[in-house]
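1. Let me see the structure of the following:
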Amino acid sequence: MMVLGLLFLGTTLYRVQVVESSAYADALEQHSIRRVRLPATRGRIVDRNGTVLADNRPSYCVALFVEELRQRGAWSNTINAVDALVEELEMVTGRPREISRSEIARHIERRRPLPLLAWKGLDERALARLSEYPHGRRGVDVYVQPERIYPLKDRAAHLIGYVGRRQPEQDDQEEDREEDYDFYLPDLVGRDGIEKSFDNHLAGRPGGQLIRVNAIGYKHEAQTGREPVRGRDVTLTIDLRLQQVAEDVLQGLRGAIVLLDCQTGEVLAMASAPRYDLSQFVPTLPHSVWNRLSKNPTHPLLNRATYGIYPPGSIYKPVISLAALDEGIITAETRVNCPGYYLMPNDSKIRCWHLAGHGEIRLQQAIAESCNTYFCHVGVELGYFPRIYNDSKLLGLGQRPDFELPTAAGNLPTDEWKRDRWGDGWRTGDTANLSIGQGFITATPLQMAVMAAAFANGGKVLRPRLVLEPYDRRPPVVAQMPWKASSLSAVRRGMYDTVNSTRGTGVRARIEGHTLAGKTGTAEYYDHGVRRKHAWMIAYGPFEDPRYAMAVIVENSDSGGRAAGPIVHHVFSALFAQPVNPAIVPESLDDLEPGTAPEPEGAGEPESRPEPDVERSAEVPPGTVGGRVRTLPPAAAERGPA
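-> Take a look at the predicted model:
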């Protein structure tokens with residue numbers, strides 16, 4: 001029995017150690033090798049002229065190599081040794097510790113072969129003190145990793161966005177599962193703006209490294225693997241010079257500006273105020289800063305140009321004009337009597353800003369002086385369905401624009417929507433309210449800029465574009481409006497007079513030597529029972545050969561002519577390289593008590609005043625980002641005939 005046992009043992013040992021030795025050696029090799037994903041350096045973000053908006057710089061970190069610091073016995077012994085070293089280095093570098101004992105323990109448990117980054121972003125003074133450390137640096141080294149920087153700080157912050165560190169818990173990301181990495185070094189991932197929308201383009205291709213570990217998981221040696229491939233650059237359509245002008249003129253206000261090339265749809269400037277400083281997000285965003293930004297009642301993180309939802313007010317009146325002209329409801333010479341109000345079927349009134357009335361008024365004057373009575377009359381005669389609704393939908397209202405950044409859709413109401421939302425069908429009063437840009441309709445500044453471009457370029461509805469490279473090969477025109485040339489010409493003459501006539505509401509936008517056309521608007525809403533106003537203006541120029549179109553909104557302000565008109569003047573002056581008239585300054589009413597806003601007068605923008613007989617909570621709060629906002633009461637509450 002003993003001889004047979006020895007023979008079996010010897011045969012088995014021979015098979016394991018000689019015959020099958022290569023298979024066991026391969027298994028051992030695989031068991032002791034760990035694959036580490038190495039992040040690539042992100043590409044840059046630049047403006048159309050090559051000015052750098054987002055770049056990278058080396059970040060010097062203190063790395064602790066726990067395989068050189070391990071202690072005999074329980075894991076707690078090694079954790080204690082690393083924790084004691086961190087406390088010692090805290091005095092050496094003069095920097096407060098950035099990792100806790102629990103984070104050290106978690107690293108040793110989960111990511112033992114990788115260096116533990118105890119400090120990030122060391123300055124020259126801390127690096128010098130570390131290099132002069134007299135007791136040696138066993139297990140300590142300087143580790144260099146790329147860090148995102150935003151050299152212009154808060155410029156174009158809402159467009160650029162920001163990045164964050166990918167957390168270890170996200171290591172099972174879909175795009176890397178086929179690579180089967182064991183560990184991921186922390187890399188940057190886009191969290192907002194272009195950084196997020198073009199993250200795959202900017203991130204590049206990660207590399208890899210092979211690390212041999214011993215039986216208890218500590219690193220033994222590292223082998224070079226695949227080198228990371230740097231990310232590609234993204235070139236924006238914006239012109240930084242114009243972007244700075246737009247942001248500067250909004251300083252101290254809450255609002256947005258969108259400036260487009262009205263032939264290509266390229267965004268030359270997109271400003272939102274207030275804005276935030278991107279440098280606060282580097283290398284990581286402190287919780288205190290995030291809480292301060294996210295809880296700020298002015299909502300600086302919101303891109304009002306794409307996500308601010310507002311009633312359009314009087315800048316919507318050209319849409320009504322074009323539809324009525326095309327359908328033969330009016331001609332350019334049709335006169336409407338304005339007694340200072342429009343009388344509803346139930347005898348309630350929508351007042352015109354000119355309380356004494358404009359008297360007999362034609363289209364061109366009605367656009368230039370923004371007569372509410374005229375457009376209520378024309379809109380009701382035409383009817384909202386189907387022409388006004390179809391034209392508005394073709395212009396992109398009520399839909400999210402196909403844009404590189406997330407956008408809001410606003411609201412383009414229908415009879416079905418109103419029945420579902422309010423339990424009542426569409427009424428005459430709804431059409432009258434909507435004809436002056438009030439009631440249920442809402443839009444974003446980006447949508448209004450696209451609409452302004454359509455007035456300028458002959459009815460081409462453009463796809464707004466923020467990125468030049470990588471190039472989007474889709475055609476820039478997404479729709480062609482069915483407007484007749486004669487109708488468009490009549491409306492353009494009214495928009496010309498808005499800026500250039502002495503009685504026009506947009507005279508503050510005028511630029512000597514250059515001719516603009518535009519339309520001002522004052523959109524009203526109720527905020528907790530207090531009537532407030534947003535100031536709008538759309539404009540394009542040069543009038544003879546339109547190339548640029550823009551939309552401006554100033555929240556909780558005065559009339560469009562007073563608050564938005566001067567902003568148009570400043571931006572177009574920079575665009576045409578003309579001196580700014582120092583007497584033309586945007587006005588804001590933020591410093592006034594509720595209810596004390598001065599009424600428009602002279603060349604100020606008119607306002608609409610439907611009677612506040614009904615309150616409603618806006619489905620999407622117009623012009624706000626939170627809380628309950630009461631908009632102008634829809635005429636749906638009327639009991640007159642539909």
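
2. And the helix ranked longest in the chain, what does it pack against?
-> Longest helix in the chain, counting residues (DSSP state H): helix 75-93. For helix 75-93, the packing partners by 3 or more Cβ pairs under 8 Å, 6 or more residues apart in numbering; DSSP states H and E come out as strand 52-64, helix 101-110, strand 116-119, helix 124-131. Glycine gets a C-beta too; all of them are placed from N, C-alpha and C.

3. buried ones in it?
-> By 16 or more other Cβ atoms under 10 Å, the buried positions in helix 75-93 come out as 78, 79, 81, 82, 83, 85, 86, 89, 92, 93.

4. Contacts for that helix, please.
-> 62, 64, 66, 69-71, 96-97, 99, 101, 104-105, 108-109, 116, 118-119, 122, 126, 129-130, 133, 139-140 (Cβ atoms under 8 Å, 6 or more residues apart in numbering).

5. roughly how far is that helix from the heart of the chain?
-> Computed by Cα atoms, centre = their mean, to the nearest Å, the chain-centroid distance of helix 75-93 equals 43 Å.

6. could you check the angle helix 124-131 makes with it?
-> Relative orientation of helix 75-93 versus helix 124-131 (axes from the mean of the first three to the mean of the last three Cα atoms, to 10 degrees): 120 degrees.

7. Rounded mean pLDDT for helix 75-93, please.
-> Averaging pLDDT along helix 75-93 gives 88.

8. how far away is residue 138 from residue 117?
-> In this structure, residue 138 and residue 117 are 17 Å apart, going by Cβ to Cβ, to the nearest Å.

9. Compare those two (neighbour count), which wins?
-> Neighbours were counted for residue 138 and for residue 117 using other Cβ atoms under 10 Å; residue 117 has more, 18 against 9.

10. Beta-bridge partners for the nearest residue to that one once chain neighbours are set aside, please?
-> In space, residue 117 comes closest to residue 61 once its chain neighbours are excluded; the distance is 4.8 Å by Cβ to Cβ, 6 or more residues apart in numbering. Beta-bridge pairing of residue 61 under DSSP bridges involves residue 143.

11. How many neighbouring residues does residue 442 have?
-> Using other Cβ under 10 Å, residue 442 has 29 other residues around it.

12. To clarify, my last question referred to residue 71.
-> Residue 71: 13 surrounding residues under other Cβ under 10 Å.

13. residue ranges with poor pLDDT in the stretch 101-250 of the chain?
-> Applying pLDDT under 70 to the stretch 101-250 of the chain flags residues 134-137, 167-186, 211-224.

14. Relative to residue 38, how far out is the residue nearest to residue 117?
-> 15 Å.

15. out of those two, which sits in the more crowded spot?
-> Neighbour count, other Cβ under 10 Å: between residue 61 and residue 38, residue 61 has more, with 21 against 17.

16. Enumerate every residue touching the more buried one.
-> 117, 118, 119, 120, 121, 122, 142, 143, 144, 145.

17. Look up how far residue 120 lies from it.
-> Relative to residue 120, and taking Cβ to Cβ, residue 61 is found at 5 Å.

18. ditto for residue 393
-> Separation of residue 393 from residue 120 (Cβ to Cβ): 51 Å.

19. Likewise for residue 397?
-> Distance check for residue 397 against residue 120: by Cβ to Cβ, it reads 47 Å.

20. These two - which one has more neighbours?
-> Neighbours around residue 397 and residue 120, counted as other Cβ under 10 Å, are more numerous at residue 397. The numbers are 24 against 20.

21. Doesn't residue 260 lie inside a strand?
-> Yes: counting by DSSP: H, G, I helix; E, B strand; the rest coil, one finds residue 260 located in a strand.

22. Can you name the helix or strand that residue 393 falls in?
-> Taking DSSP states H and E as the definition, residue 393 sits inside helix 389-394.

23. quick one: contacts for the most centrally placed residue in the chain?
-> Taking Cα atoms, centre = their mean, the centroid of the chain lies closest to residue 303, which sits 4.1 Å from it. With contact taken as Cβ under 8 Å, 6+ apart, residue 303 is in contact with 158, 159, 256, 272, 405.

24. between the residues you listed, which is nearest residue 308?
-> Lowest distance from residue 308 to the contacts of residue 303 (Cβ to Cβ) belongs to residue 256, with 5.8 Å.

25. would that closest one count as being in a strand?
-> Yes: assigned with three-state DSSP, residue 256 falls within a strand.

26. how many neighbours does it have?
-> Around residue 256 there are 30 residues (other Cβ under 10 Å).

27. what's across from it in the sheet?
-> Bridge pairing for residue 256 - DSSP bridges - gives residue 272, residue 553.

28. so which of the helices and strands packed on helix 75-93 is the most packed in?
-> strand 116-119 (a mean of 22; mean count of other Cβ atoms under 10 Å).

29. Walk me through which strands that strand pairs with, and which way each runs.
-> Strand 116-119 has the following strand partners under DSSP bridges: strand 52-64 (antiparallel).

30. Overlap in contacts, residue 61 and residue 120.
-> Residues touching both residue 61 and residue 120 (Cβ under 8 Å, 6+ apart) are residue 145.

31. Give me the domain ranges for this structure.
-> 29-236, 240-637 (automatic domain parsing).

32. ok so, going back, need the contacts of residue 61 in a markdown table (columns: distance to residue 201).
-> Formatted as a markdown table, those follow (distance: Cβ to Cβ, whole Å):
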| residue | distance to residue 201 |
| --- | --- |
| 117 | 27 |
| 118 | 33 |
| 119 | 31 |
| 120 | 26 |
| 121 | 26 |
| 122 | 31 |
| 142 | 31 |
| 143 | 27 |
| 144 | 24 |
| 145 | 21 |
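
33. Could you work out the most separated pair of these?
-> Greatest spatial distance among these (Cβ to Cβ): 118 and 144, at 14.6 Å.

34. Check residue 507 and give its pLDDT.
-> Listed pLDDT for residue 507 reads 95.

35. tell me, how many neighbours does it end up with?
-> 22.

36. I figured it hits residue 561, correct?
-> Yes: the pair formed by residue 507 and residue 561 meets the contact definition of Cβ atoms under 8 Å, at 7.1 Å.

37. dump the residue contacts of residue 407.
-> By Cβ under 8 Å, 6+ apart, the contact set of residue 407 is 306, 307, 400, 401, 444, 446.

38. how much distance is there from stretch 312-321 to the middle of the chain?
-> 26 Å.

39. then that stretch to CSV, C-alphas only?
-> The C-alpha trace of stretch 312-321 is given here as CSV (Å, rounded to 0.1, in the frame of the first residue of the first chain):
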residue,chain,number,x,y,z
PRO,A,312,-42.1,86.6,-25.4
GLY,A,313,-44.3,89.7,-25.1
SER,A,314,-44.4,92.1,-28.1
ILE,A,315,-41.4,90.6,-30.0
TYR,A,316,-43.9,87.9,-31.0
LYS,A,317,-46.1,90.5,-32.9
PRO,A,318,-44.3,90.2,-36.2
VAL,A,319,-45.3,86.5,-36.4
ILE,A,320,-49.0,87.6,-36.1
SER,A,321,-48.4,90.3,-38.7
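
40. what about it, average pLDDT?
-> Averaged across stretch 312-321, the pLDDT comes to 97.

41. got it, and stretch 269-287?
-> Taken as a whole, stretch 269-287 carries a mean pLDDT of 89.
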